[in-house]
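Student: Prediction below, plus the sequence it came from.
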Amino acid sequence: MNRRDLLKAAVLVGTAGPRVLADQPAEPEPDYVVVGSGAGGGTVAARLAEAGYSVLVLEAGGDPRSPEAASYDVPAFHPFATENPAMRWDFFVRHYGNTVKQARDPKFVREQDGVWYPRAGTLGGCTAHNALILVYPSNSDWDQIADLTGDPSWRSPEMWKYFQRIENCRYRPYERFWHAVGIDPSRHGWSGWLPTEKAAPEDAIADGQVRKVIAQSVNNVLKEFGAPSLSRLEALFDPNDWRVVERDDIGARYTPLTTDHFQRVGARERLLSVAKQYPDCLRIELHALATRVLFDDRNRAIGVEYEKGERLYAAHPNASTGAAETRMAPARREVILAGGALNTPQLLMLSGIGDPGVLGTYSIRTRVALRGVGRNLQDRYEVSVVNRMQKSWEMLNGATFTTADPQYRSWATGRKGVYTTNGTLLSVIQRSAAGKPVPDLFCYAVLADFRGYKPGYSEEVRRRHDYLTWVVLKGHTNNTGGSVTITSPDPRARPAINFRYFDEGTDATGDDLQAVVDGVKLVRRMTDGMKPDLISREELPGDDVKSDAALKQFVQDHAWGHHASCTCPIGAEASGGVLTSDFKVHGTERLRVVDASVFPRVPGLFIVSAIYMIGEKAADVIIEDAKAGRSLR
């Protein structure tokens, strides 16, 4: 039996429900099939193609730049990108199993029995709608993986090289010059494929109210942290300067953005650039929903089954319910899953890899019993402290966040003004307690009323221009108790997702909850002295919410997250691990995972930098195996 006949047999054997196996054009068989085009999949696919291997990328969505390019391109439009029907996937998750407790959250959508969790089903994955922030993780995040696996290639000095490989730092021109003559104390990446810039909202400086807020905030930062450390002064408040990273320094920061001349860039641009440069090596197929990994009788991945069509996945806000052709994508060397922390475990379970008890519920034959698949789900905790200003921001006068306003014209014609930014005014990094080994709080101020993700939330950004929100992000969380579980053998159905926040999870000491409360107190100190001249009142949690008990209740009722991760973690199978240290799925051959699900613990403060980095690392180990002939055995 030849390989194509073997694939057809694998598609037809053991499938749930009828399949229409389409006659496909005879495409060359690629070396690698990559499922997903986000920060992990897009990065590894592009690097493999550059190395001369043939790669097919299967992406369930379409191109985010059609039909509404502006919500994709303009940094300030990222809230509208999350609600753009051209790219959005809507998941509804539980923060608590207890329905009474869950219903206390004002973001709870009773009709969906969950809280909206926006994802992007599109070319580029969630890099198509994220807030563009690129902040390097802590060195300890990588060292923990090295300690867990005994693999020294995960040590932080080795991993920093991957950050340098992706980054093209454009916001430190003097350091770029010194790097060219052999002096490089900041150790940025200067020639990577991902440009990083610092927003240039000249209009903000001209806004008298903004100047006063910045001045008072800086004064409060000095009260909180004292004079800047030498490393912070040397780094000029850059969170990705090696001198700050090496010391796990705290204090005020600006947020580097992944933009190219103040226009969004990410995995989409990386893939399209490489596909144009290496058309014989990289092929991208859109509207291709992966439904199952195909194996031979030795548990070697030989391809991917997928359905061809638009809007097939139930998370799409206008999902199709019609029949679709079933197709197959053969892989000569390997299959690489990069669907993210929610969809990759779902695809593994549909392929017979997971907890036999779960699989048996839906009559899916267990191929590999891996009970860790879909478990260990983790995220940050975030809450907002929302302040109503005495007057609107001058720089947002006339702003409609559309292509018809003067702010957009300023961005479109000269890449100037407030739309060059993601809306962040200032950020502060701190330890929630003195004994914390690394900073675990990232608090940032945005010029909007932002209370977390709820359908329609972006319209509040468009409508109100007189708010200052401080968002408290708690990283390095203790809770590993969340889970992703299939709800049907139908690959179009969304899985059940429960993060099991706080006391329902694994943080027995309540450290996470207290840390978020401490973060709320910190950002309140950042606005100290602004009432009543600048700030009219605090609307959330409200001036009457003062005690620790009241703040804890507020945090439990209002917290959210948007960095889902860790559902197919690297680690020993006996301790719940799903992957080896080189991204291979236990019990299989020629199958790897390269996305947010691979981490044993959620890294850093903003996860996208870590995912880009593991995409580069995975490409290295895959190419090494290919050169040694291991991926063809």
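Tutor: Yep, that arrived. Being a predicted model, the structure only gives us computed values, none of them experimental.
Student: Hmm, residue 158 and residue 143 touching each other?
Tutor: No: assessed by CB atoms under 8 Å, residue 143 is found out of contact with residue 158, at 10.3 Å. For glycine as for every other residue, the C-beta is placed from the backbone atoms N, C-alpha and C.
Student: Please name every helix or strand in contact with the helix of greatest length in the chain.
Tutor: In the chain, taking DSSP state H as the definition, the longest helix is helix 608-627. For helix 608-627, the contact count by 3 or more CB pairs under 8 Å, 6 or more residues apart in numbering; DSSP states H and E identifies helix 39-50, helix 156-166, strand 334-337 as packing neighbours.
Student: residues contacting the residue nearest to residue 611 when sequence neighbours are not counted?
Tutor: Leaving aside its sequence neighbours, residue 611 sits nearest to residue 39 (CB to CB, 6 or more residues apart in numbering; 3.9 Å). With contact set as CB atoms under 8 Å, 6 or more residues apart in numbering, residue 39 has these partners: 125-127, 266-267, 595-596, 608, 611-612, 615.
Student: Export those to a markdown table and append columns for pLDDT.
Tutor: As requested, those are exported to a markdown table (pLDDT from 0 to 100):
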| residue | pLDDT |
| --- | --- |
| 125 | 98 |
| 126 | 98 |
| 127 | 98 |
| 266 | 98 |
| 267 | 98 |
| 595 | 98 |
| 596 | 98 |
| 608 | 98 |
| 611 | 98 |
| 612 | 98 |
| 615 | 98 |
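Student: Quick one, which of these are buried?
Tutor: By the neighbour-count criterion of 16 or more other CB atoms under 10 Å, these include these buried positions: 125-127, 266-267, 595-596, 608, 611-612, 615.
Student: nearest to residue 94, of those?
Tutor: Set against residue 94, the nearest of those by CB to CB is residue 596 (19.3 Å).
Student: Which element is encountered next along the chain beyond the helix or strand of the chain with the lowest mean pLDDT?
Tutor: Across the helices and strands of the chain, mean confidence by mean pLDDT, DSSP states H and E is lowest for helix 3-12: a mean of 58. Sequence order places strand 32-35 as the next helix or strand after helix 3-12, per DSSP states H and E.
Student: strand partners of that next one, parallel vs antiparallel please.
Tutor: For strand 32-35, the paired strands and their directions (DSSP bridges) are strand 55-58 (parallel), strand 334-337 (parallel).
Student: ranking those by burial, who's on top?
Tutor: The densest packing among the strands paired with strand 32-35, expressed as mean neighbour count by mean count of other CB atoms under 10 Å, is seen in strand 334-337 with a mean of 29.
Student: and for that strand, what are the contacting residues?
Tutor: For strand 334-337, the external contacting residues (CB under 8 Å, 6+ apart) are 31-36, 41, 44-45, 293, 301-304, 344, 347-348, 590-595, 618, 622, 631.
Student: where in the stretch 1-150 of the chain is pLDDT low?
Tutor: 1-26, 67-69 (pLDDT under 70).
Student: In contact with residue 419, which residues?
Tutor: With contact set as CB under 8 Å, 6+ apart, residue 419 has these partners: 74-77, 262, 407-408, 410-411.
Student: Mind picking the two most distant members of the residues you listed?
Tutor: Among the contacts of residue 419, the pair separated by the greatest distance (CB to CB) is 77 and 410, at 13.8 Å.
Student: more neighbours, those two?
Tutor: The residue with more neighbours, out of residue 77 and residue 410, is residue 77; 27 against 18, by other CB atoms under 10 Å.
Student: Skipping its backbone neighbours, what lies nearest the more buried one in space?
Tutor: Residue 77 sits nearest to residue 71 (CB to CB, 6+ apart), 4.8 Å away.
Student: Surely that neighbour is within a helix?
Tutor: Yes: with DSSP: H, G, I helix; E, B strand; the rest coil as the criterion, residue 71 is assigned to a helix.
Student: any idea how far residue 260 is from it?
Tutor: Taking CB to CB, to the nearest Å as the measure, residue 71 and residue 260 are separated by 17 Å.
Student: Who has more neighbours out of these two?
Tutor: The neighbour comparison of residue 71 against residue 260 (other CB under 10 Å) goes to residue 71, with 25 against 16.
Student: right, and the more buried one touches residue 65 too?
Tutor: No: the pair residue 71 and residue 65 does not pass the contact test of CB under 8 Å, sitting 9.4 Å apart.
Student: Tell me, how many residues neighbour residue 459?
Tutor: Other residues within reach of residue 459 by the criterion other CB under 10 Å amount to 13.
Student: and it, what element?
Tutor: For residue 459, the element it lies in under DSSP H and E is helix 457-463.
Student: buried set for that helix?
Tutor: Neighbour-count burial for helix 457-463 flags 457-458, 461 (criterion: 16+ other CB under 10 Å).
Student: Could I get the contacting residues of the residue lying closest to residue 600 once chain neighbours are set aside?
Tutor: Computed as CB to CB, 6+ apart, the closest residue to residue 600 that is not its neighbour in sequence is residue 569, at 4.5 Å. In this structure, residue 569 makes contact with 372, 376, 576-579, 597-600, judged by CB under 8 Å, 6+ apart.
Student: try 6 Å this time
Tutor: Residue 569 makes contact with 376, 577-578, 600, according to CB atoms under 6 Å, 6 or more residues apart in numbering.
Student: Tell me the most packed of these, by neighbour count.
Tutor: The most crowded member of the contacts of residue 569 is residue 578, carrying 31 neighbours; neighbours defined as other CB under 10 Å.
Student: and residue 520, what helix or strand is that in?
Tutor: Counting by DSSP H and E, the element that carries residue 520 is helix 511-526.
Student: Where do the strands of the stretch 51-200 of the chain begin and end?
Tutor: Per DSSP state E, counting those that start in this stretch, the stretch 51-200 of the chain has strands spanning 55-58, 88-93, 108-109, 114-120, 167-169, 194-196. These are given in chain order.
Student: Please convert the buried ones among the contacts of residue 39 to a markdown table, extending it with distance to residue 328.
Tutor: Below are these laid out as a markdown table (distance: CB to CB, whole Å):
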| residue | distance to residue 328 |
| --- | --- |
| 125 | 23 |
| 126 | 27 |
| 127 | 28 |
| 266 | 29 |
| 267 | 25 |
| 595 | 22 |
| 596 | 27 |
| 608 | 31 |
| 611 | 28 |
| 612 | 30 |
| 615 | 25 |
